[in-house]
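Asks: Build me a model from this:
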Amino acid sequence: MSGFNPFEIIPGDPHTALVILADHAMNRVPPEYENLGLPVEAFARHIAYDIGIEPLTRGLCERLGVPGVLGCFSRLLIDPNRGEDDPTLIMKLSDGMVIPANHPLSREERERRLARFHRPYHDAVATVIAETGRKAGKAPLVISMHSFTHAWKSVPRPWHAGVLWDTDPRAAQALIERLRADPALIVGDNEPYDGALRGDTMHRHCSTTGLAHGLIEVRQDLICDDAGVEAWINRLAPIISEVTGLPEMHEIELHGSRVV
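Replies: Numbers count the residues shown, from 1 in each chain. Sure, this is the predicted structure:
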């Protein structure tokens, strides 16, 4: 196995009490996997990663001066935004494309990918969140960045962005309210997906621990070039900063009751 690093930690000031994550930032697989038997062009598609999210996340971390964690492997290898028992953890078929190296998949190879990629990424996320909270002296807000296709199965998606959430509305509703203040934007509330996914990154690191969190989805065609990325950095940075400054983002929510 090569020295492939499954994650990258972006340094930042922990006293901001904010951590930004990007599960699907990159489309890379180690050379020994030989592109999972797929043509190279498959890795330019959304099935391999979240288009535009790496530069957007890097830009937000830099602008806000906050720590971040990037997933450095393609979700076609194993999906970091799925629980270990999720049947879609390692996809055999994605948007009509068969992934030859994923079917059949031995139990040993499944465990190897969990140990080499999935678990180290989540260990890094847990470490950065814990260190940020410890140094800030309060619970950090966690924001997860993703992107989505402009259409699905030929049906256009009208949203420019969406905010996903499950049981804790603190960050999500604050983000939605501020994004919708821009009349030029169509903003989805749990669109184009539902944020309730047991075992995903937000569930694992935030819902189960009581940390305020939100998952922001930006439509890929809006961040597919440098100008689009810069426009969304300019739009999101002040919103995220304002939301991070709200005191309720740094309280622990437990069974519906907030305690400092």
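Asks: use CA for all of it now, contacts and neighbours both
Replies: Will do.
Asks: what about this structure, any weak spots by pLDDT?
Replies: In the predicted model, the chain carries pLDDT under 70 at residues 1-2, 254-260.
Asks: in it, which spans are strands?
Replies: Read by DSSP state E, the chain holds these strands, from start to end of the chain: 7-10, 18-22, 68-71, 93-94, 97-98, 141-148, 151-152, 155-156, 161-164, 187-189, 213-219, 252-254, 257-259.
Asks: In TSV: those strands, plus distance to Asp85.
Replies: Written out in TSV, the entries for the strands of the chain read as follows (distance: least, CA to CA, whole Å):
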stretch	distance to Asp85
strand 7-10	21
strand 18-22	21
strand 68-71	19
strand 93-94	18
strand 97-98	21
strand 141-148	21
strand 151-152	26
strand 155-156	30
strand 161-164	22
strand 187-189	27
strand 213-219	22
strand 252-254	25
strand 257-259	29
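Asks: possible to save those as CSV with mean neighbour count and distance to Glu54?
Replies: Shown next, in CSV, are these (neighbours: other CA atoms under 10 Å; distance: least, CA to CA, whole Å):
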stretch, mean neighbour count, distance to Glu54
strand 7-10, 18, 11
strand 18-22, 27, 7
strand 68-71, 28, 8
strand 93-94, 14, 21
strand 97-98, 13, 24
strand 141-148, 24, 9
strand 151-152, 12, 21
strand 155-156, 9, 24
strand 161-164, 26, 16
strand 187-189, 22, 21
strand 213-219, 25, 12
strand 252-254, 18, 29
strand 257-259, 11, 33
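Asks: List the contacts of Gly12.
Replies: Contacts were defined as CA atoms under 8 Å, 6 or more residues apart in numbering; by that measure Gly12 touches 61-62, 65-68.
Asks: no, scratch that, I was asking about Ala196
Replies: With contacts taken as CA under 8 Å, 6+ apart, Ala196 has the following neighbours: 165-167.
Asks: From the residues you listed, which land in helices?
Replies: Secondary structure assignment (DSSP state H) places none of the contacts of Ala196 within helices.
Asks: which among those end up buried?
Replies: 165-166 (16 or more other CA atoms under 10 Å).
Asks: if we can go back for a sec, what about the strands of the chain, which gets the closest to Leu38?
Replies: Checking those against Leu38 by CA to CA gives strand 97-98 as the closest, at 8.4 Å.
Asks: Which neighbouring elements make contact with the closest one?
Replies: Counting contacts by 3 or more CA pairs under 8 Å, 6 or more residues apart in numbering; DSSP states H and E, strand 97-98 is packed against no other helix or strand.
Asks: Which of the contacts of Ala196 sits closest to Gly3?
Replies: When those are compared for distance to Gly3 (CA to CA), Trp165 comes out closest, at 35.2 Å.
Asks: I'd like to know how far that closest one sits from Phe148.
Replies: When CA to CA, to the nearest Å is the yardstick, Trp165 and Phe148 sit 16 Å from each other.
Asks: same thing with Leu38?
Replies: Taken as CA to CA, the span from Leu38 to Phe148 is 22 Å.
Asks: Same check on Pro6?
Replies: In this view, Pro6 and Phe148 are 22 Å apart by CA to CA.
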